[in-house]
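Visitor: Got a predicted model here, sequence first, then my questions.
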Amino acid sequence: METIQSTSEGDRESAVEERAPSGALRHWKMAAIALTALGADQLTKYLVRANMRIGESWPEEGFLRLTHGTNTGSAFGLFQDYTLLLTIASVVAIVFVFLFYRSEGGSTWLSWLTSGLILGGAFGNLIDRIGAGRVTDFIDVGPWPIFNIADSSIVVGITALCVSVLLRRDKPADASESPDSAAREQTTP
C-alpha cells in the first residue's frame, strides 16, 4: 500500500512540475506576440516619422503606398479629436483583454495569438495617443483610410478571436469526450 501511495504522490508531483513550466511558457508566448506586435508598430512609426513629411507618399501614386498621416480618432478615422475618450477606451480594452486571457487560462495557441495581437496593437496606439495626442498612420491601401501595424494587429486579433469563438461552439462541451480523458480512464485502477 505504501508503494501505491508513493507512486500516486510521485505522479501528482510530476504532473504539477509538468504543468508549471507550460503555464509560465503560455504567458511568455502571449507576451512575446504582444511585444513583437508592439515593437514592429513602434519601429515602423518611428521610421515613417523620421523619413517622411506628413502627407508625403511613396510611391506617389498606386494602390499600395506608404503615406505619412496622423489620426486623432480611432480606426478608419472615426471619432476625430476625442483623444482623452479614446485613451480611456484603450485602457478599458486592454484590461478586458487581460481578463479574457486569464479566463481562458491561456490554454491554446489561438488565445496566445489573439490576446497578444490585440494587446500589442492597443498598447502601440495608446503610446502614440499619450505621447503625441495622435496616432501615426502610414499604410495606404486603395480606398481604405490610412492605418498602421497596431491597427492591423487589433483587426487580425479580433478576427481570430471571433473565429475561435465560432469554432468553439462546434466542439462538444463534455470534457469526458476528449481523447485525453479516455486515456486517463483506461490507466486509472
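Guide: Thanks, I have it.
Visitor: Can you tell me how far Gln52 is from Trp58?
Guide: No Gln there; residue 52 is Met. From Met52 across to Trp58, the span is 7 Å (Cβ to Cβ, to the nearest Å). Quick note: C-beta positions are derived from backbone N, CA and C, even for glycine.
Visitor: shared neighbours, the two?
Guide: Contact with both Met52 and Trp58 is made by residues Leu66, according to Cβ atoms under 8 Å, 6 or more residues apart in numbering.
Visitor: Surely Val155 is within a strand?
Guide: No. The assignment for Val155, made by DSSP: H, G, I helix; E, B strand; the rest coil, is helix rather than a strand.
Visitor: pLDDT weak spots in this structure?
Guide: Judged against pLDDT under 70, the low-scoring parts of the chain cover residues 1-26, 75-78, 106, 170-189.
Visitor: Run through the helices of it in chain order.
Guide: Under the criterion DSSP state H, helices of the chain are mapped to 2-51, 83-104, 109-132, 149-170, 179-187.
Visitor: residues near the closest residue in space to Lys29 that isn't next to it in sequence, how many?
Guide: Closest residue to Lys29 apart from its sequence neighbours, by Cβ to Cβ, 6 or more residues apart in numbering: Trp112 at 4.5 Å. By other Cβ atoms under 10 Å, 23 other residues sit near Trp112.
Visitor: Over to the one 10 residues further on?
Guide: Other residues near Ala122 number 25, with proximity taken as other Cβ under 10 Å.
Visitor: same check, this time on Asp140
Guide: Using other Cβ under 10 Å, Asp140 has 19 neighbouring residues.
Visitor: can I assume it is in contact with His68?
Guide: No. At 9.4 Å, Asp140 and His68 do not qualify as touching, with contact defined as Cβ atoms under 8 Å.
Visitor: anything in contact with each of the two?
Guide: With Cβ under 8 Å, 6+ apart as the test, Asp140 and His68 both reach Ser57.
Visitor: quick one on the thing from earlier: so which of the helices of the chain comes closest to Phe63?
Guide: Evaluated with Cβ to Cβ, the helices of the chain place helix 149-170 nearest to Phe63, the distance being 16.9 Å.
Visitor: okay, the angle between that closest one and helix 109-132?
Guide: Interaxial angle, helix 149-170 versus helix 109-132 (axes from the mean of the first three to the mean of the last three Cα atoms, to 10 degrees): 150 degrees.
Visitor: What residues of helix 149-170 count as buried?
Guide: Residues of helix 149-170 classed as buried by neighbour count (16 or more other Cβ atoms under 10 Å): 149-154, 156-157, 160-161.
Visitor: ok, Leu113 - how many residues close by?
Guide: 18.
Visitor: show me what contacts it?
Guide: By Cβ under 8 Å, 6+ apart, Leu113 lies in contact with 33, 157, 160.
Visitor: how about 6 Å then?
Guide: By Cβ atoms under 6 Å, 6 or more residues apart in numbering, the residues touching Leu113 are Ala160.
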